[in-house]
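Novice: Just a sequence and a predicted model for now, questions to come.
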Amino acid sequence: MTVLARTPAKLPVDLAAQVQVVAGDALVAADVDQAMQGADAILFAVAVDKRSPEDLCTNSTRLILDVMPRLGTDRQVWCGGGSTWVDGDPTSFGAGFVRGFSKRFLGLRRRDKDHQLALLQQHTDLDWFGVRPLQMRKGEHTDTCRLGMDSFSGMSKISFADCADVMIGMLTDDT
C-alpha cells in the first residue's frame with residue numbers, strides 16, 4: 001500500500017512503518033502518477049479546510065482519473081462529506097439543516113465535494129464507491145459504525161479510524 005502525503009512526517013509512526021510513503025502533492029501530476037504505480041485501487045481521503053485551494057479534491061481527482069486507465073486501475077473509494085447531496089437522498093428536516101448549515105459555513109468544502117462527485121459521476125467506466133460521513137472526529141477505532149443511508153440527524157459522527165476501516169473494506173466488498 002502506498003500513501004501520497006505532502007508532509008510525511010505528520011503520518012503516525014506506526015502507519016508510516018506499514019506503507020510505502022511518497023512525498024508529494026495531490027495537485028502535481030507527476031506525484032500522483034508516482035504514488036499510483038502498481039496500485040490495484042485508490043482510496044481518496046483528502047481533507048479540505050478554509051486555507052485549501054478552490055476545488056482541491058476535484059482537481060486532484062481529475063489527475064487520478066487521468067492515470068487510472070493507463071495503469072489498469074479501475075476501482076476508487078471516495079470520501080465525500082455528509083453535506084454532499086445525491087439524487088434520491090431523503091429530504092428530512094435534519095438533511096435540510098445539514099445542507100443549509102454547510103452552504104452557510106462550509107462553502108469551500110461543500111462546493112469542492114459537490115464538484116468532485118459530479119466529476120466521478122461522469123466516469124461510469126470506473127468502479128467507484130463512496131462514503132459520506134457527516135462528522136468525522138479523532139477517536140479510537142471502535143468497529144461499530146452504521147453503513148447505509150439515514151436521514152441526517154445532524155448528530156451522526158464517526159472516528160477517522162472507523163471511516164478508514166470502512167473505506168479499506170470497500171476495496172474488496174461492494175456491499
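Specialist: Great, that's in hand. Residues are numbered from 1 along each chain as shown.
Novice: For residue 126, list the residues it contacts.
Specialist: Neighbour list for residue 126: 65, 68, 74-76, 120 [criterion: Cβ atoms under 8 Å, 6 or more residues apart in numbering]. C-beta here means a position set from N, CA and C on the backbone, and glycine is covered the same way.
Novice: Among the residues you listed, which are located in helices?
Specialist: Members of those lying in helices (criterion: DSSP state H): 65, 68, 120.
Novice: what sits against the closest residue to residue 44 other than its chain neighbours?
Specialist: Nearest residue to residue 44, sequence neighbours excluded (Cβ to Cβ, 6 or more residues apart in numbering): residue 78, at 4.9 Å. The contact partners of residue 78, by Cβ under 8 Å, 6+ apart, come to 44, 61, 116-117, 120, 128-131.
Novice: Just the element for residue 3, please.
Specialist: strand 2-5 (DSSP states H and E).
Novice: next helix or strand past that strand?
Specialist: helix 13-16.
Novice: mean confidence for the helix or strand just after that following helix?
Specialist: Proceeding N to C from helix 13-16, the next assigned helix or strand is strand 20-23, under DSSP H and E. In this model, strand 20-23 has a mean pLDDT of 94.
Novice: Then stretch 119-132?
Specialist: The average pLDDT for stretch 119-132 rounds to 86.
Novice: could you dump that stretch to PDB, C-alpha only?
Specialist: Below are the C-alpha coordinates for stretch 119-132, written out as PDB (Å, rounded to 0.1, in the frame of the first residue of the first chain):
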ATOM      1  CA  LEU A 119     -16.700  14.600 -11.900                       C
ATOM      2  CA  LEU A 120     -16.800  11.000 -10.600                       C
ATOM      3  CA  GLN A 121     -20.300  10.500 -11.800                       C
ATOM      4  CA  GLN A 122     -19.100  11.300 -15.400                       C
ATOM      5  CA  HIS A 123     -16.800   8.200 -15.200                       C
ATOM      6  CA  THR A 124     -19.300   5.400 -15.500                       C
ATOM      7  CA  ASP A 125     -16.400   3.300 -16.900                       C
ATOM      8  CA  LEU A 126     -14.800   3.200 -13.400                       C
ATOM      9  CA  ASP A 127     -15.700   1.100 -10.400                       C
ATOM     10  CA  TRP A 128     -16.000   3.800  -7.700                       C
ATOM     11  CA  PHE A 129     -17.800   3.800  -4.400                       C
ATOM     12  CA  GLY A 130     -18.100   6.500  -1.800                       C
ATOM     13  CA  VAL A 131     -18.800   7.200   1.900                       C
ATOM     14  CA  ARG A 132     -20.300  10.500   3.000                       C
END
